[in-house]
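[1] A structural model of the following input is requested.
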Amino acid sequence: MHVMKKLTTLLLCLALLACMTGCGSGKQEDKPDKPQRPETVQEDERGEDGEAEAEEAESADGEAEEGEDKEAGETAGDKDSQTASKPSHTHSYKSKTVKATCTKGGYTLYTCSCGDSYRAKETGALGHAYGSWKVDKQATTSAAGSRSRTCSRCGDVERESIPKLTDTSSYASQVVALVNKERAKAGLAPLTAVSGLNSYALQRSKELESVFDHVRPDGSKGPDYVVFSLGYQAAGENIARSYGMNDTPERVMEGWMNSEGHRGNILDPDFAYIGVGCYVSNGSYYWTQIFAG
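    Numbering: from 1, shown residues only. You can find the predicted model right below:
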C-alpha cells in the first residue's frame, strides 16, 4: 500500500514535469524570430540582380564572340576557297628585238602576259659613222666659217666652226724675205720675186687642196713645164700644208729648213728667182715656193 502510494506520487511528478517541459517548448516555438535588417535584404537583392546582369552580359559577349568567330571562319573559308580556286600561272614570254643605234645599245626584251619582263642579249651602241666634212660657209679674214658632216646611219649632223682667216696678202713677201735671210747666212745671193712665178705658185697652192703632191691633178709633173715655158732653165718646188691660227710664214719656213730636200731648194746657188703662193681653205693653209734659174 505504501509502495503504491509512493509509485503514484512518482508518476504524478513525472507527469507534471513533462507538462512543464512541454509548455516551455511551446513558448520557444511561438516566440517570433528576430527581424533581419532591411539593408541586408536590399544588398542581397542587388547582388542577385548584379549576378543576373553579369550572367546576361557574359552570355551576350559569348554570343558576340561566337558570331565573330563564325564570321572570321567564314572569311577565312572564303579566302581559302578563292585561293584554292585561283589557277596557277606559268610564264609565257614573247620576245622583241630592239636594235642598237649610234647612241643606244640594243637588247632583246622578253614580256609575259602578266606584265613580268626582262632583258637579255644586250649590245653596246654602234657609234656615229660620219662622212667627209662639207664646208657650209667659207671663213674670211673678217668672219669665221663653218663646216659639217653627216652620220650615214642615223643622220646626225656634226658641225664645227672654221677659224677666221688671217690676212695672207703679205705672206708671200714675208716668205721671200725669210728665204733671202737664210741665203745670206749661207753666203748666197738673194732671190728676186717675179709676179709670173707668184701667180703660178698660188695656182699650185689651190691644187694642193685636192692632190697634195708634186704631181699636178692633171697628171703632169711640175713645175718644170711651166717654168721652162716662162724662159727659165732651172726649176724647183717646195710645198707644205698646215692648219690653225698659228700658221705663219715663220713656222712654214722653219719646217722647210728642217727638211733636207726643201732646204736644198732654198739654198740652191743656181736659183735666182722665186714665186710664193699661200691658199687657205677650211682652216688649212697650203703653201708653195717656185724656184727658177
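[2] Averaged pLDDT, the helix or strand where Val252 lies. What do you get?
    Taking DSSP states H and E as the criterion, Val252 maps to helix 249-257. Model confidence over helix 249-257, given as mean pLDDT, is 92.
[3] Please save the CA atoms from that helix in PDB.
    What follows is helix 249-257, C-alpha atoms only, in PDB (Å, rounded to 0.1, in the frame of the first residue of the first chain):
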ATOM      1  CA  PRO A 249     105.500  82.400-142.700                       C
ATOM      2  CA  GLU A 250     108.000  81.900-139.900                       C
ATOM      3  CA  ARG A 251     106.500  78.500-139.000                       C
ATOM      4  CA  VAL A 252     106.400  77.200-142.500                       C
ATOM      5  CA  MET A 253     109.900  78.300-143.200                       C
ATOM      6  CA  GLU A 254     111.100  76.600-140.000                       C
ATOM      7  CA  GLY A 255     109.600  73.400-141.300                       C
ATOM      8  CA  TRP A 256     111.200  73.700-144.700                       C
ATOM      9  CA  MET A 257     114.600  74.500-143.300                       C
END
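[4] any weak-confidence spans in the stretch 51-200 of the chain?
    51-87, 165-166 (pLDDT under 70).
[5] Count the neighbours of the nearest residue to Val276 once chain neighbours are set aside for me.
    Leaving aside its chain neighbours, Val276 sits nearest to Ala172 (4.1 Å; criterion: CB to CB, 6 or more residues apart in numbering). C-betas here are computed from N, CA, C, even on glycine. By other CB atoms under 10 Å, 22 other residues sit near Ala172.
[6] Check Tyr225 too.
    The burial count for Tyr225: 12, using other CB under 10 Å.
[7] Doesn't it lie inside a helix?
    Yes - applying DSSP: H, G, I helix; E, B strand; the rest coil, one finds Tyr225 inside a helix.
[8] Can you give me the distance of it to Ala292?
    According to CB to CB, to the nearest Å, Tyr225 stands 13 Å off from Ala292.
[9] ok, back up a step: and the residue nearest to Val276, its phi and psi?
    Here is the backbone geometry of Ala172 (degrees, to the nearest 10): phi -60, psi -50.
[10] just the one 10 residues further on next, same as before
    Main-chain torsions, Glu182, degrees, to the nearest 10: phi -70, psi -40.
[11] which ones are touching it?
    By CB atoms under 8 Å, 6 or more residues apart in numbering, the contact set of Glu182 is Met253, Met257, Ile266, Leu267.
[12] Hmm, the third one is touching Asn258, no?
    Think Ile266. No - contact criterion CB atoms under 8 Å: Ile266 and Asn258 do not qualify, at 11.4 Å.
[13] More neighbours: these two, which one.
    Each of Ile266 and Asn258 has its neighbours counted (other CB under 10 Å); Ile266 has more, 24 against 9.
[14] how much space between the more buried one and Asn238?
    Where Asn238 is concerned, Ile266 sits at a distance of 7 Å (CB to CB).
[15] what residues do those two have in common as contacts?
    Both Ile266 and Asn238 are contacted by Trp256, Gln289, under the criterion CB under 8 Å, 6+ apart.
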